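>>> Show me how the following folds:
(chains A and B)
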Amino acid sequence: GAVVSQHPSWVICKSGTSVKIECRSLDFQATTMFWYRQFPKQSLMLMATSNEGSKATYEQGVEKDKFLINHASLTLSTLTVTSAHPEDSSFYICSARDRVGASNSPLHFGNGTRLTVT
Amino acid sequence: QKEVEQNSGPLSVPEGAIASLNCTYSDRGSQSFFWYRQYSGKSPELIMFIYSNGDKEDGRFTAQLNKASQYVSLLIRDSQPSDSATYLCAVNQMSKFYFGTGTSLTVIP
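You can find the predicted model right below:
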């Protein structure tokens, strides 16, 4: 089955630093990847759609200059949280869909990255 | 983000019973619907998906879709303690996936 690998699984950083999270599709190619954020006891909130070879599209209220997304290849997307602050502490999850699948095919999720900003 | 609503629960059922989880959505243009299970601290796992009105069965799980009522449900038969988790409804709207707040299910042995 489709496997999405996400690294790191957890990271602790100091306020003001930047953190990069990687998302890889291991056995399929993904034209599009999606980044979600989940706060405790809340649902997944779509942050942005990462498009291979073009700019990401961000959901309303998500700062594109703070959450930098790069989708340089069909198997890798990265999310960089710049100048992180404690309120950015959350569970970040990437997901992808096989490019050869139908537009209605399901998302496959990475294992998530738990970010703690001190 | 377009609204996807779920009863947050918690929902408790005895082992062996049927658990019924419900979800409504606001966007009539929604194309496909998914149920995911999420254990605490983990990422979501796909249970099943449904595109067409009616029922779709997969083992102990049955998804039901009624597009006219903008309603999708998940039935879990013969519930097991290992089914205890949060169940997330996801809706595909214009190729983006939006999630409900999830329903917490506890299956009591």
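
>>> so residue A:4 sits right up against residue A:27, yeah?
No. Applying Cβ atoms under 8 Å as the test, residue A:4 and residue A:27 come out as separate, 9.5 Å apart. The way it works is simple: take the backbone N, C-alpha and C, and place the C-beta from them, glycine included.

>>> More neighbours: which of those two?
residue A:4 (25 against 12; other Cβ atoms under 10 Å in any protein chain shown).

>>> Excluding covalently adjacent residues, which one is nearest to the more buried one?
Excluding its sequence neighbours, the residue lying closest to residue A:4 (Cβ to Cβ, 6 or more residues apart in numbering or on different chains) is residue A:110, at 4.3 Å.

>>> mind listing what the one you found touches?
Residue A:110 is in contact with A:4, A:5, A:6, A:23, A:93, A:94, A:95, B:43, counting by Cβ atoms under 8 Å, 6 or more residues apart in numbering or on different chains.

>>> Let me see the backbone angles for it.
Main-chain dihedrals, residue A:110, degrees, to the nearest 10: phi -70, psi 180.

>>> ditto for the one 3 residues further on
Backbone dihedrals for residue A:113, given as degrees, to the nearest 10, come out at phi -130, psi 120.

>>> How about residue B:9?
phi 80, psi -150.

>>> Please name the residues that touch it.
Residues in contact with residue B:9, defined by Cβ under 8 Å, 6+ apart, are B:103, B:104, B:105.

>>> Out of the helices and strands in chain B, which is least certain?
In chain B, the helix or strand scored least confidently by mean pLDDT, DSSP states H and E is strand B:96-99, which has a mean of 91.

>>> Pull up the pairing partners for that one, direction included.
Strand B:96-99 pairs in its sheet with strand B:85-93 (antiparallel), by DSSP bridges.

>>> got the CA coordinates for the strand it pairs with in PDB?
Extracted in PDB, the C-alpha atoms of strand B:85-93 (Å, rounded to 0.1, in the frame of the first residue of the first chain):
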ATOM      1  CA  ALA B  85     -10.500   5.600  19.100                       C
ATOM      2  CA  THR B  86     -11.600   8.900  17.600                       C
ATOM      3  CA  TYR B  87     -13.300   8.600  14.200                       C
ATOM      4  CA  LEU B  88     -12.900  11.400  11.700                       C
ATOM      5  CA  CYS B  89     -15.200  12.100   8.800                       C
ATOM      6  CA  ALA B  90     -13.500  13.700   5.800                       C
ATOM      7  CA  VAL B  91     -15.000  15.300   2.800                       C
ATOM      8  CA  ASN B  92     -13.400  15.900  -0.500                       C
ATOM      9  CA  GLN B  93     -14.300  19.400  -1.700                       C
END
